[in-house]
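Asks: quick check, what structure comes out for this input:
(2 chains)
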Number of protein chains: 2
Amino acid sequence: MFSASDAAFMAQAIQLAALGCYTTSPNPNVGAVLVNNGIVIGTGYHKQAGGPHAEVFALREAGAAAQGATCYVTLEPCSHYGRTPPCAEALIAAGVARVVIAMQDPNPQVAGRGVAMLRAAGITVETGLLHTQARALNPGFLSRMERQRPYVQLKLAASLDGRTALANGDSKWLTGAAARADVQHYRAQSCAVLSTATTVIADNARLNLRPEQLEHSVARLENGELRLPKRVILDRNGLLDGKLAIFADGGEVLLCVSKVENSRQLPNIARQIHCPLDSNAQFDIPALLEHLAVREQINTLWVEAGATLAGTLLQLQLVDELIVYLAPKLLGNTAQPLAVLPQFQALADVPELSWTDVRMVGQDIRLTARFNAAVTA
Amino acid sequence: MFSASDAAFMAQAIQLAALGCYTTSPNPNVGAVLVNNGIVIGTGYHKQAGGPHAEVFALREAGAAAQGATCYVTLEPCSHYGRTPPCAEALIAAGVARVVIAMQDPNPQVAGRGVAMLRAAGITVETGLLHTQARALNPGFLSRMERQRPYVQLKLAASLDGRTALANGDSKWLTGAAARADVQHYRAQSCAVLSTATTVIADNARLNLRPEQLEHSVARLENGELRLPKRVILDRNGLLDGKLAIFADGGEVLLCVSKVENSRQLPNIARQIHCPLDSNAQFDIPALLEHLAVREQINTLWVEAGATLAGTLLQLQLVDELIVYLAPKLLGNTAQPLAVLPQFQALADVPELSWTDVRMVGQDIRLTARFNAAVTA
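Replies: Take a look at the predicted model:
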């Protein structure tokens, strides 16, 4: 059904889609390649919500040459009027003869409609080429659409013996400057950073972006293109006061509270969001994640927190991906643990993951691992 | 002084030397390449103590063509009659014109004598080519010669959160079959394995070689070529009885005791060695290591032990290399620690290492790290 050149053009569309990874959310990353007689005549990727879709950029570049062309696109073209007109209509109007689609729209309410619209206009439509690779472009968007919760990445930094800080709390600097800059790139790709009031207060943490630590190609994105991730802070006891550094700059601060206090004085950058308690009188984390996905359009949630919240998320099986920076140091048995978990009685009961990547980041090693139930599996 | 082809021939000699890594101890790994008019006419490596040296194999292969040739050898040719006649004499007798040596003999009592003997016979001798790489062939032999202690490799196996076993002791199987087979290759290259009576009893550990887990090229080494590492067990309280699996097969078992009990009934495979106590009435580990190097000719010591001995060795800065198998599991904060160390007050005080290698081994990751004071630095 698909030729080797079909696959090569779709691979190019996937590479283009990835260029939007710092800017497209809450929209998905999408890339498109227009080909006529074996020649690429137009390319495009979706850069920013509200801006043109990938197909539109490709059609603009191709002009009249789009007549009779094949369009390779990583996600089913839209069929509805949103902030932009439907791409399916634009492809029809341009006289495209064939459309190859890597994956259907994940929104069940519109899935298949773009394909149907194209076919009704007599266009040949084929789907499923490099489907897995296309899904991997959008773990966050797909998680929000398919599971109504964000794709959760838990960041940890530990010594070789799995400790995050000395007994007295000293953890500066466990990992090196390269690891901290690497974290900046993850934050910049995330819709929100999740942490706790305890962590924010202990480190007077900002959890913001530091453009000077970002690669030039990222840092030079224009104002408004580089999204500032929201900071979502569990602050049940209203511990955060307006003088903390987290309120000085960066994205919006969402304070998760069990009861919104209208009298609370907060900087303009902050907003309280209600998070219900569970039967143990703890924050109902699954409910919070659903809220973040459905109400706040959070695709990807980057968690930087202590051993307690890390353990809670792990126990609830709400972590899709672990990113661990391992420093070549030994902190010893009295130092602080990586994750608070129940006391297991057998090795068969412990959480198991699969390593997905391992590499040096400056003086440290970065390990990534996924649980088997991850959305992109 | 050296040409690119000199370096290429020495690199070949170094690769040859490494072929002996499972068999040469307590002798060093040595390789030799004989070249005449740019053509390799003979190669050799030292395979086994008591057998011919690398230069002899190369000379045998070259025959009369050695007349006027250049010999590239990774270690200074010997000048004394040991179990074999001196190689320097053999090179002179064969009419070799030039000898290029990567490193001097590390034994100060004979260093330079081989060079002097060659030069006295009118042979051009040049030294120092790929010196660092040649040293890296023999960390154990060099440690024994230069520091009178073995090169110490500490093997650890831990979960992602740095835990070696559950609170109840369950640790089977934390790492996978590939990691356990990898350990076999380290053991097979080591002169001895160090552990404690506690560990041996808890796991009824054999700490031996399992030929079925070794790569074919290693396992097929003839009987007597593949050395069985000695098992050195700290057994101060005489806890090991003869029925334990460690006495069933494998290399000799050296029981480290503070007082040799002549009345103790032990299998033939076992022998008591005296290890003095230090001022804290603990085994004097530095004295033990000196004993193992000087009296037992142990070049490399592979340590498989619990958090206490690991911590002691680390605190005493007696670990040259850490080899850590990291399983993609989380055991939690109640599980057992990797190393018992003092409670540090500042991150600046903790032991710091440098990662030297990282790779996947089956389902696990193997990390290696060295302390800055390592012998091969």
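Asks: and the stretch 1-150 of chain A, which residues reach chain B?
Replies: Taking Cβ under 8 Å from any Cβ of the partner chain as the criterion, chain B has no neighbours within the stretch 1-150 of chain A. In this view, the C-beta of every residue, glycine as well, is placed from N, C-alpha and C.
Asks: any idea which residue of the stretch 1-150 of chain A lies closest to chain B?
Replies: Distances between the stretch 1-150 of chain A and chain B by Cβ to the nearest Cβ are smallest at A:P139, namely 18.9 Å.
Asks: and that residue, what pLDDT?
Replies: You'll see A:P139 listed with a pLDDT of 97.
Asks: isn't it right next to A:T300, touching?
Replies: Yes - with contact defined as Cβ atoms under 8 Å, A:P139 reaches A:T300; the gap is 7.1 Å.
Asks: which residues do those two both contact?
Replies: A:Y151 (Cβ atoms under 8 Å, 6 or more residues apart in numbering or on different chains).
Asks: settle it for me: which of the two has more neighbours?
Replies: Between A:P139 and A:T300, A:T300 has the larger neighbour count (other Cβ atoms under 10 Å in any protein chain shown), namely 25 against 21.
Asks: what about the more buried one, distance to B:V260?
Replies: 65 Å (Cβ to Cβ, to the nearest Å).
Asks: one more: A:G112?
Replies: 83 Å.
Asks: from A:M1, how far out is A:L129?
Replies: Plainly put, A:L129 is 8 Å away from A:M1 if you go by Cβ to Cβ.
Asks: the two: who's more crowded?
Replies: Set A:L129 next to A:M1 and count neighbours by other Cβ under 10 Å: A:L129 wins out with 22 against 8.
Asks: assign the more buried one to helix, strand or coil.
Replies: Look at A:L129: counting by DSSP: H, G, I helix; E, B strand; the rest coil, its state is coil.
Asks: what do you get for A:Y81?
Replies: Relying on three-state DSSP, one would call A:Y81 coil.
Asks: ok, A:V73 next?
Replies: Look at A:V73: counting by three-state DSSP, its state is strand.
Asks: who's in contact with the worst-scoring helix or strand of chain A on mean pLDDT?
Replies: The weakest-scoring helix or strand in chain A, judged by mean pLDDT, DSSP states H and E, is helix A:216-219 (a mean of 80). By Cβ under 8 Å, 6+ apart, the list of residues contacting helix A:216-219 from outside reads A:22, A:185, A:188, A:211-212, A:226.
Asks: tell me where the stretch 201-350 of chain A has strands.
Replies: A:230-234, A:253-257, A:270-274, A:300-304, A:321-327 (DSSP state E, counting those that start in this stretch).
Asks: which stretch among those comes nearest chain B?
Replies: Taking Cβ to the nearest Cβ, strand A:321-327 is the member of the strands of the stretch 201-350 of chain A nearest to chain B, at 6.5 Å.
Asks: need the residues that contact the closest one.
Replies: Against strand A:321-327 from outside (Cβ under 8 Å, 6+ apart): A:151-160, A:174-176, A:179, A:182-183, A:186, A:353, A:356, A:361, A:363-370, A:374, B:160, B:367.
Asks: one step back: dump the strands of the stretch 201-350 of chain A to CSV, plus distance to B:V33 and mean pLDDT.
Replies: Formatted as CSV, those follow (distance: least, Cβ to Cβ, whole Å; pLDDT from 0 to 100):
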stretch, distance to B:V33, mean pLDDT
strand A:230-234, 63, 98
strand A:253-257, 68, 97
strand A:270-274, 72, 95
strand A:300-304, 55, 98
strand A:321-327, 41, 97
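Asks: okay if I get the ones you listed as TSV plus distance to A:D6?
Replies: Formatted as TSV, these follow (distance: least, Cβ to Cβ, whole Å):
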stretch	distance to A:D6
strand A:230-234	39
strand A:253-257	44
strand A:270-274	46
strand A:300-304	30
strand A:321-327	31
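Asks: start to end distance for stretch A:204-213?
Replies: Length of stretch A:204-213, first residue to last, Cα to Cα, to the nearest Å: 19 Å.
Asks: equivalent analysis for stretch A:69-87, please.
Replies: 15 Å.
Asks: so what's the gap between the longest helix seen in chain A and the chain middle?
Replies: The residue-count maximum for a helix in chain A (DSSP state H) belongs to helix A:4-18. Computed by Cα atoms, centre = their mean, to the nearest Å, the separation of helix A:4-18 from the middle of its chain amounts to 21 Å.
Asks: what helices or strands is that helix leaning on?
Replies: Packing partners of helix A:4-18 (3 or more Cβ pairs under 8 Å, 6 or more residues apart in numbering or on different chains; DSSP states H and E): strand A:31-36, strand A:39-45, helix A:54-62, strand A:70-75, strand A:98-103, helix A:131-136.
Asks: contacting residues around the residue of chain A at minimum distance from chain B?
Replies: Nearest to chain B in chain A, going by Cβ to the nearest Cβ, is A:G162, at a distance of 2.0 Å. By Cβ under 8 Å, 6+ apart, the residues touching A:G162 are A:337-338, B:158-163, B:338.
Asks: follow-up on the earlier one: which parts of the least confident helix or strand of chain A are buried?
Replies: Neighbour counts over helix A:216-219 (16 or more other Cβ atoms under 10 Å in any protein chain shown) mark A:V218 as buried.
Asks: just to revisit the earlier point, of the contacts of helix A:216-219, buried ones?
Replies: A:22, A:185, A:188, A:226.
Asks: what is the nearest of those to B:A202?
Replies: Each of the buried ones among the contacts of helix A:216-219 was scored against B:A202 by Cβ to Cβ, and A:H185 proved nearest at 44.6 Å.
Asks: show me what secondary structure element comes after the helix or strand harbouring that closest one.
Replies: When elements are assigned from DSSP states H and E, A:H185 belongs to helix A:177-189. Under the assignment DSSP H and E, the closest C-terminal helix or strand after helix A:177-189 is strand A:192-196.
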